[in-house]
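Student: I'd like to go over a predicted model; first the sequence, then the structure.
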Amino acid sequence: MKFRVMTLAGLVAASTVVTLPALAQEPASAAAPAAAQEVVPTVSVVSAGRQALSQKVIVTGTLVAREEVLVTPGVEGLKIEAILVDAGDRVKEGDVLARLAVDSIDVLLAQNTSQLASTDAQIAQARAQIAAAEASSTQAGQALERARTLTQKGFTATETLEQRQAAADQATAQLSVARQALSAAEAGRTLVEAQRDELELRRSKTDIKAPRAGLVLSRNAVVGQVASAGGNPLFVIAEDGDIELDADVTETLLPQLKVGQKVAVRPSGVDKPVDGVVRLVQPEIKASTRLGKARIALPGGDGLRVGAFARGTIEVAHSEGLVLPVTAIADDGGVSTVQVVKDGVVDTREVKTGLTDAGLIEVTDGLAEGELVVSKAGTFLRSGDKVKPQVVAGAGATGVKG
């Protein structure tokens with residue numbers, strides 16, 4: 001009985017001796033696969049390189065004439081007899097654009113000529129009457145003086161003196177009437193001359209002339225139409241042919257525009273951009289639209305059509321410095337950061353930024369040329385994380401490796 005107990009104890013001891021080495025070896029064999037499974041993530045990075053950037057403002061608007069000249073008739077009530085120009089023609093100052101019928105004015109001028117002849121005859125007659133009245137007045141005066149002398153000496157009766165006095169007074173009155181008739185005739189001639197001047201002025205205005213040189217934008221005149229200063233002008237001229245872009249600008253961008261800035265303007269239907277210059281930045285912003293206005297002059301704008309839609313690109317700033325893709329910059333509460341990778345370790349770093357252009361952004365402080373930056377900010381990486389950097393093209397940044 002004791003032998004069997006010993007035997008069982010020995011079996012238990014033997015089993016324990018065999019089992020313990022096996023248990024001791026299990027942790028070592030499990031640690032080796034765990035070490036082999038440690039993985040370092042691969043991230044795309046770009047190299048900070050130098051490149052020139054320009055900040056641009058895009059504006060849109062309508063092509064308009066810089067100065068519109070409205071041509072209206074200077075004479076009312078006459079029919080248009082001939083039209084000598086059409087829309088699209090270039091004219092010089094003083095060129096005849098259209099002619100009005102002059103028949104009625106010529107009739108009035110003929111009547112006026114007759115009136116002038118009549119007043120000339122009246123003036124001649126009045127002068128003759130004056131001459132006769134002066135002679136009669138002189139004769140009557142002399143007779144009065146003789147009668148006065150004889151009366152004083154008692155040779156002539158007082159009644160005779162009174163008769164001579166009455167005759168002298170009558171002659172003086174007749175002279176005054178004759179002189180007034182001359183004045184009236186001369187005044188009548190002045191009036192007729194003024195009427196003639198008016199008729200000749202009206203006749204001269206029957207040739208409707210261009211008040212300024214430029215490009216005829218539109219023609220509303222029609223042959224046979226009665227010319228009137230009311231309603232639509234007969235012609236609209238762009239002075240000197242100057243065309244501008246009347247551009248709308250959002251109020252936040254308007255302060256960036258300055259007179260003299262160059263503008264690349266692309267009108268609708270035109271393949272090649274037209275070089276323009278900012279001529280005017282209006283100080284007013286419309287409260288209803290929150291838009292301001294800028295006028296962009298287009299020198300040599302031949303072929304441009306007033307009323308066409310156009311888009312303008314204005315370079316408002318230019319710089320050359322370190323650039324990164326905009327995707328590499330993270331904004332954390334107004335603070336810009338990038339994730340720099342050095343020796344396979346991520347370092348989140350605050351930077352200062354400048355201009356943006358075509359998907360690139362300028363880094364003005366906090367980064368050195370050639371440093372590697374995670375290309376897409378906002379990934380689940382933190383400072384101290386180990387990564388395997390893979391350099392990719394940097395959206396056109398100089399010095400970026402592919």
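Tutor: Everything's here; your move.

Student: any idea how far the residue lying closest to residue 218 once chain neighbours are set aside lies from residue 309?
Tutor: Sequence neighbours aside, residue 236 is the residue nearest to residue 218 in space, at 4.5 Å (criterion: CB to CB, 6 or more residues apart in numbering). (C-beta placed from N, C-alpha, C; glycine too.) Per CB to CB, to the nearest Å, residue 236 is found 20 Å from residue 309.

Student: settle it for me: which of those two has more neighbours?
Tutor: residue 236 (20 against 13; other CB atoms under 10 Å).

Student: what's the mean pLDDT across the helix or strand hosting residue 126?
Tutor: Assigned by DSSP states H and E, residue 126 falls within helix 103-153. Mean per-residue pLDDT for helix 103-153: 84.

Student: elements contacting it?
Tutor: helix 158-204 (3 or more CB pairs under 8 Å, 6 or more residues apart in numbering; DSSP states H and E).

Student: what is the orientation angle of the helix it packs on with helix 103-153?
Tutor: 160 degrees (axes from the mean of the first three to the mean of the last three CA atoms, to 10 degrees).

Student: next one: helix 158-204 to chain centre, how far?
Tutor: When distances are taken as CA atoms, centre = their mean, to the nearest Å, helix 158-204 is centred 64 Å away from the chain's centroid.

Student: avg pLDDT for that helix?
Tutor: 85.

Student: tell me what it is packed against?
Tutor: Right, helix 158-204 is packed against helix 103-153 by 3+ CB pairs under 8 Å, 6+ apart.

Student: my guess is the residue nearest to residue 218 contacts residue 69, does it?
Tutor: Yes: assessed by CB atoms under 8 Å, residue 236 is found in contact with residue 69 at 7.2 Å.

Student: ok now stretch 93-106, how far from the chain's centre?
Tutor: Taking mean C-alpha positions (CA atoms, centre = their mean), stretch 93-106 and its chain are 34 Å apart.

Student: name the residues of that stretch that are buried.
Tutor: In terms of neighbour count (16 or more other CB atoms under 10 Å), stretch 93-106 has its buried residues at 95, 97, 98, 99, 100, 101, 102, 105.

Student: against residue 69, how distant is the fourth one?
Tutor: What that stands for is residue 99. Distance from residue 99 to residue 69, by CB to CB: 19 Å.

Student: residue 322 too?
Tutor: 54 Å.

Student: just residue 234 next, same as before
Tutor: 12 Å.

Student: so for the two, which sits in the more crowded spot?
Tutor: residue 234 (23 against 20).

Student: just want the phi and psi numbers for that one.
Tutor: phi -70, psi -40 (degrees, to the nearest 10).

Student: so what's it closest to, chain neighbours aside?
Tutor: That would be residue 221: by CB to CB, 6+ apart, it lies 4.1 Å from residue 234.

Student: would you map out the domains in this protein?
Tutor: 44-53+320-391, 59-64+241-318, 68-101+206-235, 110-186 (automatic domain parsing).
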